[in-house]
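**Q** Fold the following, please.
(one chain, ligands or ions: 1)
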Amino acid sequence: MPAARAATGTRAPQKKQKLKENPKPLKRKRDQEDREKLQHAVDEFDLKAEASTKFSTLPLSQPTTSGLEASHFSNLTDVQAQAIPFGLKGRDILGAAKTGSGKTLAFLVPVLEKLYRAQWTEYDGLGAMIISPTRELAVQIFEVLRKIGRYHTFSAGLVIGGKSLREEAERLGRMNILVCTPGRMLQHLDQTAGIDVDNLQILVLDEADRIMDMGFTSAVDALVEHLPKERQTMLFSATQSKKVSDLARLSLKDPEYVAVHEASASATPTTLTQHYLVTPLAEKMETLYGFIKANLKSKMVVFLSSGKQVRFVYESLRHLQPGTPLLHLHGRQKQIQRMEITRRFSAAKYSCLFATDVVARGVDFPAVDWVVQMDCPEDIDTYIHRVGRTARYERDGKAVLFLDPSEEVGMLQRLEQRKIPIHKVNVREKKKLSIKNQIQDMCFKNPDLKYLGQKAFISYTRSVHLQKDKQIFNLKKLDLDGYAASLGLPGAPQIKYQKGEDIKKIKNAPRAGLSSDSESDFDENGKRRKKKGEVKTKYDRMFERTNQDVLTSHYTKLVGDEENGANDEEDDDGDFLSVKRVLEGDDLDGKGPGSGAKIIVGLGGEEPFVVDSKRREKMLKSKKKMLKFKGKGDKVVFDDDGVAHHPYRIIGEEDFQQDGSAEAQRQKFVESEAVKVKEADASDKQLAKDRRREKKEKRKAREAAEGDEGLEGSMPRLSAPGDGEEDPLALLASLPVTGEDRDSDAEDERPPKKKAKKWFQDDSEDEREKAKSRKGKGKVIEVTEAPNTLEDYEALAAGLLED
Ligand SMILES: Nc1ncnc2c1ncn2[C@@H]1O[C@H](COP(=O)(O)OP(=O)(O)OP(=O)(O)O)[C@@H](O)[C@H]1O
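**A** Coordinates of the predicted model:
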């Protein structure tokens, strides 16, 4: 079939040409081959062979290799060398390695490789989910992912809250890899349409033991419910346990247990030097201050047990200006603030950061010299993670733990059990700096600080009370009066405890309302945004007004923030214990309920409302209860002019008849209205007359002014003849009129009204009239006839030039 052959013959070169023009199919083919080769290399990779020491010896894709090189990662750390090969082979992993040993790359590299080999694209939905217990850590993981994944084409997102749910949700549908915190992610899975997790290939839990702690478990359980069972799962932490219940929950299949530090003597890095010192609770503030002053040329993190402690210590030491930049970070700060503080501390050479355990895990601050544990950690895992903020990746670091004499024995036992090498040091008496009086003085002058001190006291004693390990934590053995005095308080607040709470549960509990889009309920100043349809009363607005004096902020905390329950940290005591307010000597000066004194609020009722007890504070929150203090109020109606009147009332028939018969009353009404109309008519007429007269007078005045101006215009006044004196206005009068002046004088300059044309006048006559009127005012070139000859034009031009 020659025709057919011919046809193929002609088509073949065309196809070749097309391939040349469009190299995409060829590239795709090459990529496919590369991927197949890579998969083969991974399959062939011998897990039993001697562990690799360099990334270049691992079967990794070109984009990952380039990303690692560009980020200056070439040698593998122990945990990476052990975990990455298992990860590449798709095995589930339980990874435990010391702090700062490089666990992040140990899971990020397998994540990138798995999606690369699966040729993951934006249309395949979510391929990998990495869960972190804190926002700070999530941000950090995301940054490392961005660095090493820069040559890949995957889309990656960070889901940690801080933005409105809707804003986050819009982008989620397009992501291949998500780094998230458990609560927020669960919220999206429950509420956001369009997230496709059915294809999820790999799930990672960083700081897995923390995520599996009380408080997060239910969120993780619910989250895992949404995910497909067929997936690879990796769990990493510096303090990992093999708890079977957790593995079952996450449906790990025959997991590989990568425990790098088990072989070593200690669970902490060898480059870390660890000390403890015994200082009574009442002297902790002074010991800390002395320590900071002695290490001004250091970068240190000081761990405290609660956000309130952090705030008080930060605020009071800030006033004392120790001589190094102070920063503070805790979980109740706004996200943007937390990120900014993290950035500033990371960039600082010397600084002191007061923090809660929100940065105890995973956060990789560069070059930290000291970790100070001012409050004893709740357990040894927390101790290990806290001290792990220094001595990271082959660097040296030092740590010191402050212990009350009552905590020493118990804590040392626990540390010994975990083979943690720690040495006792003594505080040099010379170096101790007494700041008690200064703090008391500051609290006396500054009620805000005193209020923070009270809160710090309460939260500290509460945390000790709630700790499970009673061998270490024993409230009865603590000198609480001395502690209160060290915080600048005149006496220890009396506290009532409630039973049955768990400190871990409280610490890990997601912030009330945060699981909803609560963060969007607050504006950047931390004020609660008005919800749709919510009516604000005068009373609400009154409490929103801050900065009028220090006490308003106390009230905002007491009333506003307790209401929202999430914005500030001030609001979570009440559930577990309550402070019996004692009217203290120095509180009788009216410093607000925070200090046990009175506040008087005027609510429009007969008597002002006096807030002098907890019960009355609570009453302020109930609009219903406040009604009786607000007075009764009268009903009024407003007329068209906005004037208030008492409303019309229907009177009884007897009363009505007293004023005469209905007809008589009607007549009377008509007459009275007629009189009113007549009066109104007379006043209207008078008004119209007055207006006419006014107009007439104005017109006359204007005409008179026009007459004067005509006269003046013909008499130059530069030097008034005869008077011999220079007129101060003369120069002004000779100047051309400015635009503004012209406007204001527009009335006067209006051309005289055009006379009606007489029947014998033609247009040329009209022109002549105009010219005549202009003659007196300046030079006018009179053109009697249209120029005809060259001479005519020359004469005209000469005239114009002269002008
Ligand atoms: N292969 C490597 N080469 C050089 N530096 C590395 C390598 N791997 C990790 N690092 C660096 O070591 C530091 C600690 O790494 P990473 O944060 O992953 O530790 P970690 O084991 O997760 O610590 P933690 O238990 O505290 O979370 C980081 O600054 C990181 O850049």
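
**Q** can you count the residues close to whichever residue of the stretch 601-750 of the chain sits closest to the ligand?
**A** The ligand sits closest to residue 621 of the stretch 601-750 of the chain, with a gap of 42.8 Å, by CB to the nearest ligand atom. Every residue, glycine included, has its C-beta placed from N, CA and C. Neighbour count for residue 621, taken as other CB atoms under 10 Å: 15.

**Q** Let me see the backbone angles for it.
**A** Torsion angles at residue 621 (phi, psi; degrees, to the nearest 10) stand at phi -80, psi -20.

**Q** With residue 352 instead?
**A** Backbone torsions of residue 352, given as degrees, to the nearest 10, read phi -130, psi 120.

**Q** cool, and residue 203?
**A** phi -120, psi 130.

**Q** Also residue 275?
**A** Note on residue 275: its backbone torsions stand at phi -130, psi 160 [degrees, to the nearest 10].

**Q** What residues are bridge-paired with it?
**A** residue 400, residue 423 (DSSP bridges).

**Q** what's the burial count for it?
**A** Residue 275 has 14 nearby residues by other CB under 10 Å.

**Q** And the helices in the stretch 1-150 of the chain, which stretches?
**A** Counting by DSSP state H, counting those that start in this stretch, the stretch 1-150 of the chain has helices at residues 2-21, 24-44, 62-70, 78-88, 103-117, 135-148.

**Q** What residues sit buried inside the shortest one?
**A** Just to be clear, that refers to helix 62-70. By neighbour count with 16 or more other CB atoms under 10 Å, helix 62-70 contains the buried residues 63-65, 67-68.

**Q** Just the C-alphas of that helix, formatted as PDB.
**A** Output of helix 62-70 as PDB, limited to C-alpha atoms (Å, rounded to 0.1, in the frame of the first residue of the first chain):
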ATOM      1  CA  GLN A  62      19.000  15.400  43.000                       C
ATOM      2  CA  PRO A  63      16.800  18.200  44.400                       C
ATOM      3  CA  THR A  64      17.300  16.900  48.000                       C
ATOM      4  CA  THR A  65      21.000  16.500  47.500                       C
ATOM      5  CA  SER A  66      21.300  20.000  46.100                       C
ATOM      6  CA  GLY A  67      19.100  21.400  49.000                       C
ATOM      7  CA  LEU A  68      21.300  19.800  51.600                       C
ATOM      8  CA  GLU A  69      24.500  21.100  49.900                       C
ATOM      9  CA  ALA A  70      23.100  24.600  49.700                       C
END
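
**Q** pLDDT of it, averaged?
**A** Helix 62-70 comes out with an average pLDDT of 96.

**Q** now it against helix 135-148, angle please.
**A** 110 degrees (axes from the mean of the first three to the mean of the last three CA atoms, to 10 degrees).

**Q** now for helix 62-70, which elements pack on it?
**A** On a contact count with 3 or more CB pairs under 8 Å, 6 or more residues apart in numbering; DSSP states H and E, helix 62-70 meets helix 103-117, helix 135-148.

**Q** Spell out which parts of the stretch 201-350 of the chain neighbour the ligand.
**A** Contact residues, the stretch 201-350 of the chain versus the ligand (CB under 6 Å from any ligand atom): residue 238.

**Q** Which single residue of the stretch 201-350 of the chain ends up nearest the ligand?
**A** Counting by CB to the nearest ligand atom, the stretch 201-350 of the chain gets nearest to the ligand through residue 238 (3.9 Å).

**Q** thought that residue was touching residue 102?
**A** No. Contact criterion CB atoms under 8 Å: residue 238 and residue 102 do not qualify, at 11.4 Å.

**Q** And the two? Which one has more around it.
**A** Neighbour tally, residue 238 and residue 102, criterion other CB under 10 Å: the higher count belongs to residue 238, 27 against 20.

**Q** residues contacting the more buried one?
**A** Residues in contact with residue 238 (CB atoms under 8 Å, 6 or more residues apart in numbering) are 96-99, 101, 103, 207, 261, 267, 361, 384-385, 388.

**Q** hmm, 6 Å instead?
**A** By CB atoms under 6 Å, 6 or more residues apart in numbering, residue 238 lies in contact with 98-99, 384.

**Q** Please name the nearest non-neighbouring residue to it.
**A** residue 99 (4.6 Å; CB to CB, 6 or more residues apart in numbering).

**Q** distance between the ends of stretch 175-183?
**A** Start and end residues of stretch 175-183 are separated by 18 Å (CA to CA, to the nearest Å).

**Q** can you list contacts of it?
**A** Residues outside stretch 175-183 that contact it (CB under 6 Å, 6+ apart): 120, 127-131, 135, 138, 141-142, 154-160, 216, 219-220, 510, 515.

**Q** rerun that using 7 Å as the cut-off
**A** The contact list for stretch 175-183 (CB atoms under 7 Å, 6 or more residues apart in numbering) reads 111, 115, 120, 122, 126-132, 134-135, 138, 141-142, 145, 154-161, 211, 216, 219-220, 223, 510, 514-515.

**Q** low-confidence ranges in this protein?
**A** Within the chain, the stretches falling below the threshold (pLDDT under 70) are 1-23, 214-215, 241-245, 261-265, 431, 497-612, 628-633, 641, 647-650, 706-803.

**Q** near the ligand, which residues of it show up?
**A** Neighbours of the ligand within the chain, by CB under 6 Å from any ligand atom: 73, 75-77, 80, 97, 99-105, 238, 362, 364, 388, 392-393.

**Q** among those, which are in strands?
**A** In strands, judged by DSSP state E, none of the residues of the chain next to the ligand are found.

**Q** on that earlier part again, do I have it right that the residue nearest to residue 238 meets residue 385?
**A** Yes. At 6.4 Å, residue 99 and residue 385 qualify as touching, with contact defined as CB atoms under 7 Å.

**Q** More neighbours: those two, which one.
**A** Shown here are residue 99 and residue 385; by other CB under 10 Å, residue 99 has more neighbours (28 against 24).

**Q** that older thread, how about the helices of the stretch 1-150 of the chain in TSV, adding distance to residue 324?
**A** Shown next, in TSV, are these (distance: least, CB to CB, whole Å):
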stretch	distance to residue 324
helix 2-21	66
helix 24-44	50
helix 62-70	35
helix 78-88	34
helix 103-117	29
helix 135-148	22
